[in-house]
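> structure, please.
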Amino acid sequence: MEATMKTPDPSPDWLDQVQSGRPTGEQAAALRRQLAGRPREAARLEEELALNAALELRPPPRASSNFSSRVWAEIDRSPALTRRSRWALFWVWIQGYRPTNEIAVATVLLAVTLGWTQLRTHQQRALAVNLAEVSRTTPDVDVLRDFESIRALAVTPEPGDLALIAALDSTSAAH
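Below is the predicted model of the structure:
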């Protein structure tokens, strides 16, 4: 069985090309060749080319001499926004306003702010508890002025403390 080779279809927007611009003689001939097998489309192409030729014969339209003054007069005639109409536009805007993104951002910011406040409060409370514990275990300031009382407060070092002191002494002697 022999495979028949199919010619590619012309661009489906050939009509737009003909209507939007004036095709040259070569472009029109190429389109005629492409549409030779389709009589309806070929007839439409000939109509569009004839219309383009007729339009080229016409002189370009001229604007009226008072065109600018008529445009400015229409602008001046249009009603300016009054105070009442501004409020009406504002209420229309308010009714159509959906602040979903703003609410989401505000919620996240509120949650972060409250979390930060709770963290700081917890840290301050922990600091106050630690200071109270230190002040409860520390002797009175009058006792610390008397050196004999300080010697009486001497604490016996733990075995780990003695090992640490010995290690520090050995490293300081080496230097």
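
> could you use CA atoms for every contact and neighbour count after this?
Noted.

> what stretches of the chain score poorly on pLDDT?
Counting by pLDDT under 70, the low-confidence segments of the chain come to 1-12, 78-86, 139, 141, 143-144, 149-150, 153-154, 175.

> do that again at 80, thanks
Within the chain, the stretches with pLDDT under 80 are 1-14, 16, 20-22, 61, 63, 73-99, 135, 137-159, 161, 172-175.

> check which helix or strand the spatially most central residue of it maps to.
Centre of the chain computed as the mean C-alpha position; nearest residue by C-alpha atoms, centre = their mean is Asn101, 11.7 Å away. Assigned by DSSP states H and E, Asn101 belongs to helix 100-137.

> starting at the chain centroid, how far to that helix?
Distance of helix 100-137 from the chain centroid (C-alpha atoms, centre = their mean, to the nearest Å) equals 31 Å.

> the most far-flung residue of the chain relative to its centre in helix, strand or coil?
Relative to the C-alpha centroid of the chain, counting by C-alpha atoms, centre = their mean, Glu148 is the outermost residue, at 72.2 Å. Using DSSP: H, G, I helix; E, B strand; the rest coil, the structure places Glu148 in helix.

> just the endpoints, please. Distance across stretch 94-106?
One end of stretch 94-106 to the other measures 19 Å (C-alpha to C-alpha, to the nearest Å).

> how about residues contacting it?
Stretch 94-106 is contacted from outside by no residue at all, using C-alpha atoms under 8 Å, 6 or more residues apart in numbering.

> buried set for it?
The neighbour-count criterion (16 or more other C-alpha atoms under 10 Å) identifies no buried residues in stretch 94-106.

> re earlier: measure the residue farthest from the centre of the chain to Val18 for me?
In this structure, Glu148 lies at 113 Å from Val18, with C-alpha to C-alpha as the measure.

> now Asp140
Taken as C-alpha to C-alpha, the span from Asp140 to Val18 is 104 Å.

> of those two, which one has the most company?
When Asp140 is set against Val18 and neighbours are counted by other C-alpha atoms under 10 Å, the residue ahead is Val18, at 18 against 10.

> what's the separation between the residue nearest to the centre of the chain and Gln95?
According to C-alpha to C-alpha, Asn101 stands 16 Å off from Gln95.

> flag every buried residue along the strand or helix carrying Gln27.
In this structure, Gln27 sits in helix 25-34 according to DSSP H and E. Judged by neighbour count (16+ other C-alpha under 10 Å), helix 25-34 contains these buried residues: 28, 31-32, 34.

> quick check: the farthest pair among these?
Taking every pair in the buried residues of helix 25-34 and measuring C-alpha to C-alpha, the maximum separation is 9.9 Å, between Ala28 and Gln34.

> what's next to the strand or helix carrying Ser68, contact-wise?
Under the assignment given by DSSP H and E, the secondary-structure element containing Ser68 is helix 67-77. For helix 67-77, there are no surrounding residues in contact (C-alpha under 8 Å, 6+ apart).
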